[in-house]
Structures are given as C-alpha cells and as structure tokens.
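Asker: Show me how the following folds:
(one chain, ligands or ions: 2)
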Amino acid sequence: MSDDHAYQAISAYSDKLMQTPNIDRIAKEGMLFTNASVTNSICAPSRAVILTGKHSHINGKIDNISKFDTTNVTFPQILQKAGYQTAMFGKLHFGNNPKGFDEFKILPGQGEYYNPTFITQKGDTIIKGYVTDITTDLTLDWMKNRRDTNKPFMLMYLHKAPHRAWLPSQKYYTEYTKKTFPLPETLFDDYSTRGTASRTAEMGILKHMSLVNDNKLTPKTMKKLGLQDWNDLGESLGRMTAEQRAKWDAVYGPINDDFIKRYPTMNDSTLTVWKYQRYLQDYLGTIASVDDNVGRLLDYLDKEKLADNTIVVYTSDQGFYLGEHGWFDKRFMYEESFRTPLMVRLPGGKKGDIDEMVQNIDYGPTILDLAGVKVPSDMHGVSFLPLLKGEKVSDWRKSLYYHFYEYPAEHAVRRHYGVRTDRYKLMHFYNDIDCWELYDLQEDPMEMHNIYGQPGTEELVKELKTELLRLQVQYDDPIRNIYKD
Ligand code: SGN
Ligand code: CA
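Answerer: Ligands and ions are numbered 1, 2, ... in the order given. Next up, the predicted model:
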C-alpha cells in the first residue's frame, strides 16, 4: 500500500502520466478493480477502516487527529491468533503502535523521505537513505531473516510515498524534473456549476499549493521575487546529508533560476501550468521509486517460489487529485479521491477487470475469508473472495456509503456524507453549511454539473435519499436525518 497514490498515476489504470510496470504486474497477473473506493478519504481513518473492517463512526478514528482506539479488534490480530506470522513496515500514522504484529518498524506520523526515523519494538532509530528503499529493505530483511518458513505470513508493506511534501529520490528527480505532462481537462475549473464546498476548499494548485514546500522554490528565490509563503521545507531538506543536499541543489537550483527569469511574464494561467508541472514532476517521481521497490518485492516472491501461494494486494489509503478541478489533495467524495487503486493477484484466481463496487471496509473480511478464518459479524465489510475466484455474485451491493469529518482543518473541505450508485452520486455537506449535490456520472463523469434541485430530478433525489438513509441505518451512523427537506 502507498499513501495518496492516485489511480491516474498507475499505468494499469491510465498511461497518460507515467509507466508503473511493476505495480501493473499485479493487475496483469491478477485483477484490476475499476470501482474500488474508500469510506472516508483521509489517511489514518482509511487505515483504521482497513484494519477493523468498520466505518469510521464505529471504529472511532474519524480524522487524522484523534488516536486510534486500540480496543478495536483488527484483522491482523485475528490472523495472528489463527497462526499467521504478522509484520508491518512503513507508514501507519496512528499516534500509537499497531497491535497484532510480531514485528513492526513504522514511521512516526507522516514520516520523512530522507534519512527517516523509524519506531521499532526496540526504540527509535534513524536509518540513512531514502524512505521507499528503506521500507523495502526492512521488509525483505524480515522476509529473509526472521520469517518462519513453516508458517503462513501476513505482511503489511506501507509506503509513505507519494505523500506531500513530495521529495523524490535522486535518480528520479533528475529524470522527472525534465518531463512535461498533459493538462487535465478540468485544471481551470471555476466551480461555478458546483456548490459552496468546492468553492471554499483550500486545495487549489494556483492559490493553495505552496511555491516553497510543494514547488521547491528556495527562501532566497522567494525573497528575490518579493513573494511570501508561510511554508518551510527546511526540516525535511535539513535531514539530508551534505552529499544528498548538494545533489538536490544541483537539480533544483537551476529550476529556481529559470523561475526567476520567467516569473515577471507569468499570469494566473501560466503560473497554474508551471505549478502543475512542478507538482507532477515531484509527485510522480516519488511513485517511480515505489514502482521499483514493488518490483524488488515481487522478484523476491518469485525467487523464493512464494508467488505460487501468496496473495498480493496493491492499494492506497485513498485517491488524489492530480490537477482535476484545479486541485491537489483528497477528502471529497468526488471520484478522484473517493476511488482508490486496488489490484489483487491470487494464485489460481481470476484474471482481468472486476467492476463490482468494493470498498476498503471489505479488505479485512476478504483477507480473513481467504485465510479460512471466520469473519467477525460486526465488521461492516463483506468478503469479495467470490469475485476474486471469478464467481458471479448476483446480490452484490448496489450502492456505497461515504462520510468525511475532518473540518475545520487544513484544506477546508466541509463535512459531508453521501451515497453512490452505479450511475448517481448524492452528497450532503453539513456542519456550518447545508448543501446538497447530485451528479449523473453517466452524463457527467467529471462531476462538473451539480443537478440537485433541477426540475425532473425530484423522484431520483427521493430514491437516493431513501437509499442514503438505508445505508446510514445499516451501518449505524448516528449522524443521519440532519436536514429539513
Ligand atoms: C499534511 C499535508 C496535507 C495533507 C495532510 C493529511 N500538509 O498535513 O496536505 O492533506 O497531511 O494527509 S503538509 O504541508 O504537511 O504537506 S494524510 O495522507 O496524512 O491524510
Ligand atoms: Ca493519505
């Protein structure tokens, strides 16, 4: 799993932006989910949903701020009890250590890209190098040296990349800073056909993306151009060794010089494009390392003949905007952040696409089912093992529930819940506003036209509100029926 990995940046889904041959292998040799989504598009809550198989309002981890309640029973704890060896390496982001793992080496909070600190069962340690490589080294070290080959194992291999602020490895910033990427159709979206929540969110590439943290202008460049930005990459760059820093400056220095020359002639539109290109160069650059490292792990499974009886899953904690609607970040129930990449390679399983609607509540139940362990009845998710085996499931779910809570907070995305069916999406933004949005995904896949309140949609809205309430009752969400109409 990686952090904030947009499906638009995996070539198995779309090869417009980059090639990810190793991640694609999982889909090619297995299954690609075209309709996988999350229940609450933000990091630690998504991880809590995955581990517990329950929606945020029941597992308690509704936002990134609160600590995870460790009285929750997680699927790794159940697997461990069932005789599986369990290990976790990389980013967890809980504020407390995971239960149910024989071994873990995790990053504190968001973690750092260069020379990161890891929390281990023996205390904290700083490991020299690049986080994506190190996370893989730690994983392979456990696989090679401490795994009991007579027992089954469940491994969580969790990359920090491509989380903001994007610091690629030297190999890839050298390559990716030379690239130019196609612009998304909705880069200049002015939100005029949407609701208040879109207009007031603070995740715009032009207005809210930091020229310093995100686009890598130095304080010196900013001063020279008379620009202000409260951000400071000092702490992350400060972790680099002198040698790492010199290599970084040799590439990002000329980018600064070039910007100084071009800035006086730039307008909002050319600056947006410049920031978008800089954003993608670094964001995708960090993914190139994830892809290489996924390849290392897959090769190890092949070499050790483990591939024949090991299920491999690749996913992210949520999707991400790569300039769609002019945005970066996630949080909204719009497609780019509601959906998440998911691919599964199951020896002897189905090959090809799976179009059924699955959600991250289902991962735990599916893995327990695969292991032949009873799925606790209070988990919200359902096992999609039959789909993996290629069986037709006629009564598969026809709608999905979503609920996002982290507001007021960074990026200012209002609290909202919603329902998505195969064709429609109805959302209610609440708390300090009371706004509904409705999209017809068949006619308007980019969700550019909110049709809520338009004549002719009354019956449809009634049906969708009934379905929304049905899901809120099914999942026992206490926040329901909080609107007047
Ligand atoms: C940081 C980022 C945000 C991001 C959150 C949550 N800001 O605060 O852009 O939305 O993490 O991300 S930064 O200035 O520190 O880069 S999450 O993946 O952990 O949910
Ligand atoms: Ca995330």
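
Asker: Point out where the chain drops to low pLDDT.
Answerer: For the chain, the stretches with pLDDT under 70 are 484-485.

Asker: Up against ligand 2, what does it have?
Answerer: Proximity of the chain to ligand 2 (Cβ under 5 Å from the ion) is limited to residues 3-4, 43, 317. Where C-beta positions appear, they are placed from N, C-alpha and C, glycine not excepted.

Asker: which ones are touching the residue of the stretch 151-300 of the chain found nearest ligand 2?
Answerer: Closest to ligand 2 within the stretch 151-300 of the chain is His163: 6.0 Å, counting by Cβ to the ion. His163 makes contacts with 3-4, 43, 91, 110, as judged by Cβ atoms under 8 Å, 6 or more residues apart in numbering.

Asker: Next, find the distance separating it from ligand 1.
Answerer: Distance, His163 to ligand 1, using Cβ to the nearest ligand atom, to the nearest Å: 5 Å.

Asker: Repeat that for Val73.
Answerer: Val73 is 24 Å from ligand 1, where distance means Cβ to the nearest ligand atom.

Asker: what does Gly372 give?
Answerer: 33 Å.

Asker: So what's the residue count around that residue?
Answerer: Applying other Cβ atoms under 10 Å, we find 7 residues neighbouring Gly372.

Asker: Is it part of a helix or strand, or is it coil?
Answerer: At Gly372 the chain is in coil, as set by DSSP: H, G, I helix; E, B strand; the rest coil.

Asker: do Phe118 as well
Answerer: Secondary structure, three-state DSSP: Phe118 is strand.

Asker: Enumerate the residues of the protein near ligand 1.
Answerer: Residues of the chain lying close to ligand 1 (Cβ under 6 Å from any ligand atom) are 3-4, 42-43, 64, 93, 110, 163-165, 213, 329, 410-411.

Asker: list the contacts for the residue of the stretch 1-150 of the chain found nearest ligand 2?
Answerer: Nearest residue of the stretch 1-150 of the chain to ligand 2: Cys43, at 3.6 Å (Cβ to the ion). Cys43 is in contact with 3-4, 64, 93, 163, 317-318, counting by Cβ under 8 Å, 6+ apart.

Asker: Also Met154?
Answerer: Neighbours of Met154 in contact, by Cβ under 8 Å, 6+ apart: 76, 79, 84-87, 367, 371.

Asker: Now, those residues that are in helices?
Answerer: Using DSSP state H, the subset of these located in helices is 76, 79, 367.

Asker: possible to save these as JSON lines with distance to Lys54?
Answerer: JSON lines is the format used below for the ones in helices among the contacts of Met154 (distance: Cβ to Cβ, whole Å):
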{"residue": "Pro76", "distance to Lys54": "14"}
{"residue": "Leu79", "distance to Lys54": "17"}
{"residue": "Ile367", "distance to Lys54": "15"}
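
Asker: May I see the ChimeraX selection of the buried members of the residues you listed?
Answerer: Of these, the buried ones go into a single ChimeraX selection, burial set by 16 or more other Cβ atoms under 10 Å:
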select :76,79,367
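
Asker: Now, the contacts of Cys43 that are in strands?
Answerer: Of the contacts of Cys43, none are assigned to strands by DSSP state E.

Asker: Among the residues you listed, which one lies nearest to Thr34?
Answerer: Closest approach between the contacts of Cys43 and Thr34, by Cβ to Cβ: Gln318, at 16.4 Å.

Asker: My guess is the closest one contacts Ser46. True?
Answerer: Yes: here Gln318 reaches Ser46: they are 5.5 Å apart, a contact under Cβ atoms under 8 Å.

Asker: which neighbours do the two share?
Answerer: Common neighbours of Gln318 and Ser46 (criterion: Cβ under 8 Å, 6+ apart): Val38.

Asker: So if I had to pick from the two, which one is more boxed in?
Answerer: Per other Cβ under 10 Å, whichever of Gln318 and Ser46 has more neighbours is Gln318, with 28 against 25.

Asker: For that one, which non-adjacent residue is closest in space?
Answerer: Nearest non-adjacent residue to Gln318, counting by Cβ to Cβ, 6 or more residues apart in numbering: Ser41, 4.2 Å away.

Asker: And the residue in the stretch 201-350 of the chain that ligand 2 sits nearest to, how far from Glu336?
Answerer: Here the stretch 201-350 of the chain gets closest to ligand 2 at one residue, Asp317, 4.2 Å apart by Cβ to the ion. Using Cβ to Cβ, to the nearest Å, Asp317 is found at 14 Å from Glu336.

Asker: just Lys224 next, same as before
Answerer: Taking Cβ to Cβ, one finds Lys224 at 35 Å from Glu336.

Asker: of these two, who's got more company?
Answerer: Taking neighbours as other Cβ under 10 Å, Lys224 and Glu336 compare with Glu336 leading, 26 against 14.

Asker: Double-check that the more buried one belongs to a helix.
Answerer: Yes: under three-state DSSP, Glu336 sits within a helix.

Asker: What residue in this structure comes nearest to ligand 1?
Answerer: Closest approach of the chain to ligand 1 (Cβ to the nearest ligand atom) occurs at Cys43, with a separation of 2.9 Å.

Asker: correct me, but Glu202 touches Arg414?
Answerer: No: contact criterion Cβ under 8 Å: Glu202 and Arg414 do not qualify, at 11.3 Å.

Asker: Neighbour count for these two, which is higher?
Answerer: More crowded of Glu202 and Arg414, by other Cβ under 10 Å: Arg414, with 23 against 13.

Asker: Enumerate every residue touching the more buried one.
Answerer: Going by Cβ under 8 Å, 6+ apart, Arg414 touches 196-197, 200-201, 407, 429-433, 435.

Asker: nearest residue to Thr125 other than its sequence neighbours?
Answerer: Counting by Cβ to Cβ, 6+ apart, Phe118 is the residue found nearest to Thr125 once chain neighbours are left out, at 5.6 Å.
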